[in-house]
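[1] Mind folding the following:
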Amino acid sequence: MRTEFFPTLDLQAVFVAPWVEMFGWNFQIALMGFLVCLACGLIGNFVVARRLALVGDAISHSLLPGIAIAFLLTASRSMPAMFAGAAVAAVLTTLFIEFIHRKSRVKPDAAIGIVFTTLFAVGMVVISRGLGDVHLDADCVLYGEIGFTPLQDSIVWFGIALGPRPLVAMAGMTLVDILLVIVFYRQLLVTSFDSGLARSLGMPVNVVHYGLMIALAFTIVAAFEAVGVVLVIAMLIFPAVTASFFVERLPSLLWSVAPLSVAYSLGGFHLSMWLDCSIAGAMVVVAGFLFLVAWALGPKGGLIHHPRFRAVFLAKSKIERPPEGSVHLP
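    Just a heads-up that it's a prediction; the model follows:
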């Protein structure tokens, strides 16, 4: 039983020993965290630009019934089956939200809440009633355990062991996300910031939108088993909003995802070593801390650069500073 919340910080045990005694094991954990942060951060920039951060949350939760029903139909937990179920659930979630919002007086945020809670509950019921004897656990979807990544079965390709299955799947999905952003960058850029201009240029706005939602669904599914929904949702939002306090152009925002992913994964890993807590949770804590730092110090809308803050600071400085030529009496 722990007697203190913050244990004594042993620099050797926290920062050195993990890379000396179990380098291979811990490297796979940190790499998994980096890949999740990178893939989600790239997609998240476009999700945030479209003001769909809550839709990402809704899709993350409503994928559960798609995965469960896909298993019922295929009796397989293979990645293709899971991806197919997740893609269908993602598209249906987006369609349901749009339909409720357009065909009723319900506002978008309320429509999102209605859809994702209903679909998530359906998934819970399907799992509890139809998959009781099958290892498809809702807790794994929510929380995951990135620390178990090295224990998973290794994928062998042409006699070469590539690594644990979740790590290889996440690496493949990250590569796909990078290629999609490179190939469809212009379409994603224009449709994210000016859908009217995109339509006038003949761009398939709806196709790009649903394609982005499917890519988001695939990324979430690839991360499910190892990290759960919590880290995925955080990484969809934190890199974009944190970097926006320092840069404004989308290319700069996209380039900033990689260094932030390194900071999140390594910072969270070492924080979890110190506090002996969830690695994925520690990564989100580090992301939240870096956001607060950016919010306070960032030149693009940070608190210390806010006109009201600067006016108060300058006024206080003038009060505390004696006039020139005045005599200070003890």
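
[2] helix, strand or coil for Phe6?
    Recorded secondary structure, Phe6: coil (DSSP: H, G, I helix; E, B strand; the rest coil).

[3] what's it in contact with, if anything?
    Going by Cβ atoms under 8 Å, 6 or more residues apart in numbering, Phe6 touches Leu275. Just so you know, the C-beta spots here come from the backbone N, C-alpha and C atoms, and that holds for glycine as well.

[4] That one and Trp274, how far apart?
    From Phe6 across to Trp274, the span is 8 Å (Cβ to Cβ, to the nearest Å).

[5] Over to Pro80?
    For Pro80 relative to Trp274 (Cβ to Cβ), the value is 40 Å.

[6] Looking at those two, which is more packed in?
    Counted by other Cβ atoms under 10 Å, Pro80 and Trp274 do not tie: Trp274 has more neighbours, with 17 against 10.

[7] need the contact list for the residue nearest to that one when sequence neighbours are not counted.
    Here the nearest residue to Trp274 in space, its sequence neighbours aside, is Val14; by Cβ to Cβ, 6 or more residues apart in numbering that works out to 4.8 Å. Contacts for Val14 (Cβ under 8 Å, 6+ apart) come out as His270, Met273, Trp274.

[8] tell me the mean pLDDT for the helix or strand hosting the first one?
    So the one you mean is His270. For His270, the host element (DSSP states H and E) is helix 250-275. Averaging pLDDT along helix 250-275 gives 94.

[9] List the buried residues for the lengthiest helix in the chain?
    Ranked by residue count under DSSP state H, the longest helix found in the chain is helix 205-243. Neighbour-count burial for helix 205-243 flags 205, 208-243 (criterion: 16 or more other Cβ atoms under 10 Å).

[10] now swap in stretch 148-167 and tell me
    Going by neighbour count (16+ other Cβ under 10 Å), the buried part of stretch 148-167 is Thr149, Pro150, Gln152, Ile155, Gly163, Pro164, Arg165, Pro166, Leu167.

[11] the strands in the stretch 101-250 of the chain, which residues?
    For the stretch 101-250 of the chain, strands defined by DSSP state E, counting those that start in this stretch occupy the ranges 154-157, 160-164.

[12] excluding its backbone neighbours, what's nearest Ala68?
    Ala68 sits nearest to Val126 (Cβ to Cβ, 6+ apart), 4.2 Å away.

[13] again but with Ala39, I slipped
    Thr174 (4.2 Å).

[14] wait, doesn't that neighbour sit right on Cys40?
    No. The pair Thr174 / Cys40 is not scored as a contact, 9.3 Å apart, by Cβ atoms under 8 Å.

[15] Between the two, which has more neighbouring residues?
    Cys40 (33 against 22).

[16] circling back: ok, the residue nearest to Ala68 touching Ala70?
    No. Taking contacts as Cβ under 8 Å, Val126 lies outside contact range of Ala70: 10.5 Å.

[17] neighbour count winner among these two?
    Ala70 (25 against 19).

[18] Would you agree the more buried one is in contact with Pro80?
    No. Using Cβ under 8 Å, Ala70 makes no contact with Pro80, being 9.4 Å away.
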